[in-house]
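A.B. asks: quick one: sequence plus predicted model below, questions after.
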Amino acid sequence: MSSSLIKQTQIASWILAGLALVAVLHLHLLPSLLAGLLVYQLVHLLAPRLQRHFASERTQLVALFLLASLVVGAITAAVIATIAFFKGDSGNMALLFGKMAQILEDARTSMPSWVIDLLPENETGLRETSIEWLRDHATELRTLGKEAGITLAHILIGLIIGAMISLQQACDAAPHGPLAKALIERASNFADAFRRIVFAQVRISALNTLLTATYLAIVLPMLDIHLPLTKTLIAVTFIAGLLPVIGNLISNTVIVVVSLAHSPHTALLSLAFLVIVHKLEYFLNARIVGGQINAKAWELLIAMLLMEALFGLPGVVAAPIAYAWIKRELDNAGLL
């Protein structure tokens, strides 16, 4: 195959892969894509350790099928458990939101006037301020609300597709044409970017959550300080922490506001602790995530801002993965 044809094939595969990603974000199929990638990566991570215990190819395929089924079942159970937690009394987000509004209202008497001027006047004002930026994203809100069932169905379908692709790769030996090979390479690079970003961010978020849980559930009670909704705060810390850079800011804000329920001094103590944790997370981000894709925190922030402007909330989630993928493609092409 001539070099010009190879170049045309590569360009065509880049265009098709880019259009596919845009279509996924535009059609709100990102949960399905991420679910499929998660199953695919977990199966490929665990399969070699399992298959080495079986000699024949048939038993290895059976073991791979059982592993994929187990991964799909475990992720499905985790999603259902998370939804049940946040809908229950111990993790109710509406309760947390109302509690934050009440805390801010009660704290007005002990705050400086310049701080009071920055706060909403009542719970309704807090609600309006907090969700003002979401009002421009009606589709995302419908997806999270009225269409939550459809989103769950998309996630389940994505899990199944990811398992099917894992099994297909294990037994597919058919030759592929030039464009198909190039598209497979694009998809493989995207899956690798997902693995490097998500798995690294999960480790960072888990460490952040462990430190925060130690502070909220052990350190503060030892000081005879008992904050409300501790379990919800810990869960929010982990889930928000899955977003690089901004996730920590979200959970920190929630914890500091809830700390005001006890006293301003507790809020300052929480702020000091969280600043230390944030510095640690910033170092880990630079070391782990930045090292994985050779990117600085400000690069990820710019990517997230641009993707949010283009695609809303799904763009914020997809930005680190898309940025890592683009950098990988440019690096492989010798352009970086």
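C.D. replies: Nice, I can see it.
A.B. asks: what pLDDT does Ala174 get?
C.D. replies: Predicted confidence (pLDDT) for Ala174: 66.
A.B. asks: pLDDT score assigned to the closest residue to Leu30 other than its chain neighbours?
C.D. replies: In space, and not counting its chain neighbours, Leu30 is closest to Pro314: 4.3 Å by Cβ to Cβ, 6 or more residues apart in numbering. Bear in mind the C-beta positions are built from the backbone N, C-alpha and C, glycine included. With respect to pLDDT, Pro314 scores 85.
A.B. asks: what's the spacing between Pro314 and Leu27?
C.D. replies: 10 Å (Cβ to Cβ, to the nearest Å).
A.B. asks: those two: which has the busier surroundings?
C.D. replies: Pro314 (25 against 11; other Cβ atoms under 10 Å).
A.B. asks: got the phi/psi numbers for the residue nearest to Leu30?
C.D. replies: phi -60, psi -30 (degrees, to the nearest 10).
A.B. asks: kindly report the same for Pro228.
C.D. replies: phi -70, psi 160.
A.B. asks: neighbours around it, how many?
C.D. replies: 13.
A.B. asks: swap in Leu19?
C.D. replies: Leu19: 10 neighbours (other Cβ under 10 Å).
A.B. asks: can you check the pLDDT for it?
C.D. replies: Reported pLDDT for Leu19: 95.
A.B. asks: check which helix or strand covers it.
C.D. replies: If you go by DSSP states H and E, Leu19 is part of helix 3-26.
A.B. asks: just checking, what packs against whichever helix or strand comes after that helix?
C.D. replies: With elements assigned by DSSP H and E, the helix or strand that comes after helix 3-26 is helix 30-51. Here helix 30-51 touches helix 3-26, helix 57-87, helix 148-171, helix 178-214, helix 313-332, going by 3 or more Cβ pairs under 8 Å, 6 or more residues apart in numbering; DSSP states H and E.
A.B. asks: highest mean neighbour count out of those helices?
C.D. replies: Highest mean neighbour count among those (mean count of other Cβ atoms under 10 Å): helix 313-332, with a mean of 21.
A.B. asks: tell me the gap between that one and the middle of its chain.
C.D. replies: 13 Å (Cα atoms, centre = their mean, to the nearest Å).
A.B. asks: ditto for stretch 49-60
C.D. replies: From the chain centre to the centre of stretch 49-60 is a distance of 33 Å (Cα atoms, centre = their mean).
A.B. asks: how long is it from one end to the other?
C.D. replies: 11 Å (Cα to Cα, to the nearest Å).
A.B. asks: so, low pLDDT: which residues of the stretch 151-300 of the chain?
C.D. replies: 170-174, 244-245, 281-294 (pLDDT under 70).
A.B. asks: mind running it again at 80?
C.D. replies: For the stretch 151-300 of the chain, applying pLDDT under 80 flags the ranges 151, 169-176, 228-229, 243-250, 260-264, 277-298, 300.
A.B. asks: sketch out the low-pLDDT regions of the stretch 1-150 of the chain for me.
C.D. replies: Using pLDDT under 80, the stretch 1-150 of the chain drops low at 1-6, 48-58, 60-61, 81-150.
A.B. asks: now do the contacts for Ile250.
C.D. replies: Val236, Ala240, Leu243 (Cβ atoms under 8 Å, 6 or more residues apart in numbering).
A.B. asks: Asn189 now?
C.D. replies: Trp325, Arg328, Glu329, Asn332.
A.B. asks: how close does it sit to Gln10?
C.D. replies: The gap separating Asn189 from Gln10 is 12 Å, by Cβ to Cβ.
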